[in-house]
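Novice: pasted the sequence and its predicted model underneath.
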Amino acid sequence: MISGSPRRLAFHIVVVLAAALVLWTGDPDRLMTVLAGVVIAFNLVGVVRELLPRSNPAAD
């Protein structure tokens, strides 16, 4: 099962989908496209962190 918070996992997934929509509809030369890529990268890390088992669940 999910080792982290389902609410945080859902947040990261929604942010990744929203940023992917910006990438899909955006112009590759725009700053928003680069920022959307950065947002996707950071939030995919968040998704992975929420899915990985935690060694100390009380550390949050």
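Specialist: Yes, it's here.
Novice: now whichever strand or helix holds residue 15, how far from the chain's geometric center?
Specialist: Using DSSP states H and E, residue 15 maps to helix 6-25. When C-alpha coordinates are averaged (C-alpha atoms, centre = their mean, to the nearest Å), helix 6-25 and its chain have centres 6 Å apart.
Novice: which other helices and strands does that helix contact?
Specialist: Helix 6-25 is packed against helix 31-51, with contacts defined by 3 or more C-beta pairs under 8 Å, 6 or more residues apart in numbering; DSSP states H and E. Quick note: C-beta positions are derived from backbone N, CA and C, even for glycine.
Novice: and residue 23, how many residues sit next to it?
Specialist: Residue 23 has 15 neighbours, counted by other C-beta atoms under 10 Å.
Novice: so what's it up against?
Specialist: For residue 23, the contact set (C-beta atoms under 8 Å, 6 or more residues apart in numbering) comprises 33, 36-37, 40.
Novice: same thing but 7 Å
Specialist: Residue 23 makes contact with 33, 36-37 under the criterion C-beta atoms under 7 Å, 6 or more residues apart in numbering.
Novice: thanks a lot, catch you later.
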